[in-house]
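Enquirer: Structure of the sequence below:
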Amino acid sequence: MNSQKVFLSELNDEGNTGGRKASRIELRTLRDAYNLKPLTSPTPIVHDEPECELKRVTAYCTAESYNLMGLCKLFKEKVSTEKKVQMYFEECLYISFEIEEKRIAYLYFLHYGAVVMWGLSESEEQDILRLISHFQENPYDRKAIETENFMYGISKNSQIVNDKIFLRDENIHTKMVLSIAMAQSVKLDYYEELVDNTIDAVKGLPDEVEKEGKVGKKREDIMKVTGKLHKLSFNLNIVSNILGEPEFVWEYSAFSSLYETCIKYLDIKTRANLLNKRCEIIHGILEILSDNVTTQNSERLESNMAKISYITAATGIIQCFLLCIFLYYTLVLKK
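Expert: I've put the predicted structure just below:
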């Protein structure tokens, strides 16, 4: 088979590809190669891209989480060819099986709703996504599904450059570490899109306060946005645990440098820190707006109470006046 070189920008991606994501991918094409050998510290090196056959690697984020035990049972029952199914630390499910033309597919499912597929065609990837659809918990809308595409090949120099991954062999644990980093990246894409949407929803409110001196939105609406923001931050930092070191890497420290190299290439730590910072800023703005609405409500309540007091006083005066008239005429008539 003829060797091919494919850049990510040439691939057809129907997923969520906004300006932010496209810019980040474009910047990756300008970087030097990153060595994927186990090193004490991941140092960028420059290499020409090896000439070898390239296959697809695609990361998908399709749901809030996956039922890994259900997927494990599914592939054991559904796949009739020779296969391997293994769970790692209840956070990653590894599956490999033979497909047509003696090709082997490698799948890595992460518990936080991301899957990385190695060596499949785009149509085969879609078949897998349809197959696993019943094992998604809180699946995302089609428009919200995030993807990232890479290519990989086998070469004597292990490196990642220009979104092409070159490995010495088909070692499943090397692929697992790379897959975990890719899954973290694509999950971050989803969270970044949520924050972008939140910013779009609230960015006009400070100007509204500046011009009008008040917020048009109800406090309930602001609290809903605040709740979504808290849920996002909670899922990002605690539930999904995508910012922590994976259990596999923690247990097998020989893969630590490989993992660090990949997350550095994908800017995961920088993006995560920026995402948390943006959440903090938006939350601060929402708190101010919520206080503003609360103040408006308090002022409105005070105004209403004052009106009620005036009405009560006026009613009392009228009652007294009518009583005086009644007494006057009653006394006069009696005389």
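Enquirer: For the biggest helix by length in the chain, which helices and strands make contact with it?
Expert: Across the chain, the longest stretch assigned as helix under DSSP state H is helix 268-334. Applying 3 or more CB pairs under 8 Å, 6 or more residues apart in numbering; DSSP states H and E, one finds that helix 268-334 contacts helix 172-202, helix 205-212, helix 219-234. C-beta: built from backbone N, CA, C; applies to glycine.
Enquirer: between the shortest one and helix 268-334, how big is the angle?
Expert: Regarding helix 205-212 and helix 268-334, their directions subtend 40 degrees when assessed with axes from the mean of the first three to the mean of the last three CA atoms, to 10 degrees.
Enquirer: Now do helix 205-212, average pLDDT.
Expert: Across helix 205-212, the average pLDDT comes to 74.
Enquirer: Can you list the buried residues in that helix?
Expert: For helix 205-212, the neighbour count (16 or more other CB atoms under 10 Å) marks Leu205, Val209 as buried.
Enquirer: Now do it: distance to the chain's middle.
Expert: Centroid displacement of helix 205-212 relative to its chain, using CA atoms, centre = their mean, to the nearest Å, is 29 Å.
Enquirer: any idea how far Leu36 lies from Leu243?
Expert: 22 Å (CB to CB, to the nearest Å).
Enquirer: more crowded one of these two?
Expert: Leu36 (23 against 17; other CB atoms under 10 Å).
Enquirer: Any idea which helix or strand in the chain has the lowest mean pLDDT?
Expert: One helix or strand of the chain scores below all others by mean pLDDT, DSSP states H and E: strand 44-45, with a mean of 49.
Enquirer: on that earlier part again, specify the angle between the longest helix of the chain and helix 172-202 in degrees.
Expert: With the same axes, to 10 degrees defining the directions, helix 268-334 sits at 30 degrees from helix 172-202.
Enquirer: still on that earlier bit, worst average pLDDT in the helices and strands packed on helix 268-334?
Expert: Mean pLDDT is lowest for helix 205-212 out of these, coming in at a mean of 74.
Enquirer: before we move on, the earlier item: give me whichever of the helices and strands packed on helix 268-334 is most buried.
Expert: Of all the helices and strands packed on helix 268-334, helix 172-202 carries the top mean neighbour count, a mean of 21, counting by mean count of other CB atoms under 10 Å.
Enquirer: Verify the contact between Leu236 and Ile242 for me.
Expert: Yes - under the criterion of CB atoms under 8 Å, Leu236 makes contact with Ile242 at 7.0 Å.
Enquirer: list residues touching both of these two?
Expert: Between them, Leu236 and Ile242 share these contacting residues under CB atoms under 8 Å, 6 or more residues apart in numbering: Ala272.
Enquirer: Tyr191 and Leu275 touch, don't they?
Expert: Yes - using CB under 8 Å, Tyr191 is in contact with Leu275, at 6.0 Å.
Enquirer: Quick check: neighbours shared by these two?
Expert: With CB under 8 Å, 6+ apart as the test, Tyr191 and Leu275 both reach Leu236.
Enquirer: Quick check: closest non-adjacent residue to the residue positioned nearest the centre of the chain.
Expert: Residue closest to the mean C-alpha point of the chain, counted by CA atoms, centre = their mean, is Tyr191 at 2.3 Å. Computed as CB to CB, 6 or more residues apart in numbering, the closest residue to Tyr191 that is not its neighbour in sequence is Leu236, at 5.5 Å.
Enquirer: For my notes, confirm that neighbour occurs in a helix.
Expert: Yes - per DSSP: H, G, I helix; E, B strand; the rest coil, Leu236 lies within a helix segment.
Enquirer: Model confidence for it, exactly?
Expert: Taking Leu236 on its own, its pLDDT is 78.
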